[in-house]
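# sequence-free structure coming up:
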């Protein structure tokens, strides 16, 4: 068949088909608004949809993996901080007995000019400074309202001078590391 003998529909079909595509043209594809329109076969359209689905699936997997990693990183950072704080609290708790003994030794009545007493005072103040640098605060609740989250009541006393649930006497000071209790204050509470 010569060029003149071809019918008009055949000429139109040849214009829209790419050389490497089969002759059956079914749809026009416009990937984005304003992009060039081109014609694809049903097989190519199905393959493009399949690839788009695979891309969406892989993108979803990537986003989930990134979210999992971010959660893992945050969780391990928090766990490390918690482990560090717990170890710090345990270590400080061991030194609190030494603190108590030094405090008792310093408060004992005796010769103020005694070199041994002055040495004990210096050691006690040095230990207080170290605890302050570590972020430890002393709970000395005498005259304050009883707080069961920070105090351990071992006795009750009837005292009209103090209000109800007020700490009357402190037997052993408590200690905090930040907001966490290292040791509860042992107290006597007024009824």
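Okay, I see it. What you are looking at is a predicted structure, and each value in this text was computed from that prediction instead of being measured.
# ok, and the residue nearest to the spatial centre of the chain, which helix or strand is that part of?
Nearest to the mean C-alpha position of the chain, by CA atoms, centre = their mean, lies residue 78 at 4.6 Å. In the assignment (DSSP states H and E), residue 78 maps to helix 42-107.
# Which elements pack onto that helix?
On a contact count with 3 or more CB pairs under 8 Å, 6 or more residues apart in numbering; DSSP states H and E, helix 42-107 meets strand 27-29, helix 115-133, strand 174-177, strand 180-183. C-beta here means a position set from N, CA and C on the backbone, and glycine is covered the same way.
# Which SSE is immediately downstream of the first one?
Toward the C-terminus, strand 27-29 is succeeded by strand 38-40 as the next helix or strand (DSSP H and E).
# Repeat that for the longest one.
On the C-terminal side of helix 115-133, the closest following helix or strand by DSSP H and E is strand 136-139.
# how far is that next one from where the chain is centred?
25 Å (CA atoms, centre = their mean, to the nearest Å).
# Could you tell me which strands that strand is paired with, and in which direction each runs?
Based on DSSP bridges, the pairing partners of strand 136-139 within the sheet are strand 174-177 (antiparallel).
# Give me the average confidence score over the strand it pairs with.
What strand 174-177 shows for mean pLDDT is 94.
# Use 279 as the first number from now on
Renumbered: residue one is now 279, and that last one reads strand 452-455.
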